[in-house]
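Trainee: Provided below are the primary sequence and the corresponding predicted coordinates.
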Amino acid sequence: MAIVGSVLDSQTVTAHTEKALTLSFPEAGLTVVGVLMNAVYIKVPIDSTRVAVLPMTGGNVTSATPGFQQAGAMRKVNWTLTGQTLNYTTLAAGTNSTVVFYYGTPLTGSLEYKQFSGVVATATLSSGAGSATFTFPSGQLTMKGFAGTIGIAAASQALQAQWSTSSGKTFTAYVLANSITAFDAASDIISLNLPVAQSVTVTLSGGVGSDIVYIYGFYQ
């Protein structure tokens, strides 16, 4: 259980626009064990229909400069590259995306990257409220986790998210800013076990002004 090396990718990007990138590693077959970023999130392909969504840890972009992220809370993951290159997609709040991929042997508390199979939705709030819609793949799916990123365009400290489950009940989740440290970087994803429809509209409230927020639904 150790990090033996890292690859840093710093790119000029368009704010709030996904950009597809290809990154070379020193050799084929390395195992990625951690990701640090100043991006809002990155996506890594799992197969032809699914992607792993890795949000920045902590839920609050304003506290996640590249220096903070690279020295602070790391997203512990576990996936082995099939070759020497990695295709991934990044989305940043500004014009720079900096992502560090650490490789080695899996760390304590790491999650296999397929467990991050997910979708992303975004909203620009009005007076701290709004809505966003998840679009899941078709089929009988279970929502296994929920997370969010807030504080991009205004100083939101908390966000309430509500949606109806396929059983007709209302589920309420919360996103809190600045709640993650290097010791609990996995706890910003709420663990769930909820059946979901293909389209799920999430009602958002409790934010500030015209904040831009991103929410993540993880599924199996």
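Mentor: Done, it's in. Residues are numbered from 1 along each chain as shown.
Trainee: lowest confidence element among the helices and strands of the protein?
Mentor: Lowest by mean pLDDT, DSSP states H and E among the helices and strands of the chain is helix 66-71, with a mean of 40.
Trainee: Find the residue ranges of this protein scoring beneath the pLDDT cut-off.
Mentor: The chain contains residues with pLDDT under 70 at 1, 58-72, 178-187.
Trainee: Spell out which residues make up each domain of it.
Mentor: The record's domain parsing of the chain by automatic domain parsing lists 3-114, 116-219.
Trainee: Next, the contact list for the nearest residue to T203 once chain neighbours are set aside, please.
Mentor: Among residues not flanking T203 along the chain, Q162 sits closest, at 4.7 Å (Cβ to Cβ, 6 or more residues apart in numbering). Any C-beta I mention is one placed from the backbone N, CA and C, and that applies to glycine too. Counting by Cβ atoms under 8 Å, 6 or more residues apart in numbering, Q162 touches T170, F171, T172, A173, V202, T203, S205.
Trainee: Confirm Q162 sits in a strand?
Mentor: Yes: with DSSP: H, G, I helix; E, B strand; the rest coil as the criterion, Q162 is part of a strand.
Trainee: V202 is in contact with S131, correct?
Mentor: Yes: the pair S131 and V202 passes the contact test of Cβ atoms under 8 Å, sitting 6.3 Å apart.
Trainee: of the two, who's got more company?
Mentor: Comparing S131 with V202 by other Cβ atoms under 10 Å, the one with more neighbours is V202, at 22 against 15.
Trainee: The spatially most central residue of the chain and S167, how far apart?
Mentor: Nearest to the geometric centre of the chain sits P55, at 1.8 Å (Cα atoms, centre = their mean). Applying Cβ to Cβ, to the nearest Å, the value for P55 to S167 is 27 Å.
Trainee: Also I190?
Mentor: Going from I190 to S167 by Cβ to Cβ gives 18 Å.
Trainee: repeat for S131
Mentor: Distance, S131 to S167, using Cβ to Cβ: 21 Å.
Trainee: Same question for L192.
Mentor: L192 sits 13 Å away from S167, going by Cβ to Cβ.
Trainee: Give me the more crowded residue out of the two.
Mentor: Using other Cβ under 10 Å as the criterion, L192 and S167 rank with L192 on top: 17 against 8.
Trainee: thinking that one is in contact with G145, fair?
Mentor: Yes: if you go by Cβ under 8 Å, L192 and G145 touch, sitting 5.7 Å apart.
Trainee: For the nearest residue to Q84 once chain neighbours are set aside, grab phi and psi.
Mentor: Using Cβ to Cβ, 6+ apart and skipping residues adjacent in sequence, the residue nearest Q84 is A28, 4.3 Å away. Here is the backbone geometry of A28 (degrees, to the nearest 10): phi -80, psi 150.
Trainee: likewise the one 4 residues further on?
Mentor: V32 has phi and psi values of phi -80, psi 130 when expressed as degrees, to the nearest 10.
Trainee: how close does the nearest residue to I152 once chain neighbours are set aside get to E112?
Mentor: Leaving aside its chain neighbours, I152 sits nearest to I212 (4.3 Å; criterion: Cβ to Cβ, 6+ apart). Noted for I212: a distance of 30 Å to E112, by Cβ to Cβ.
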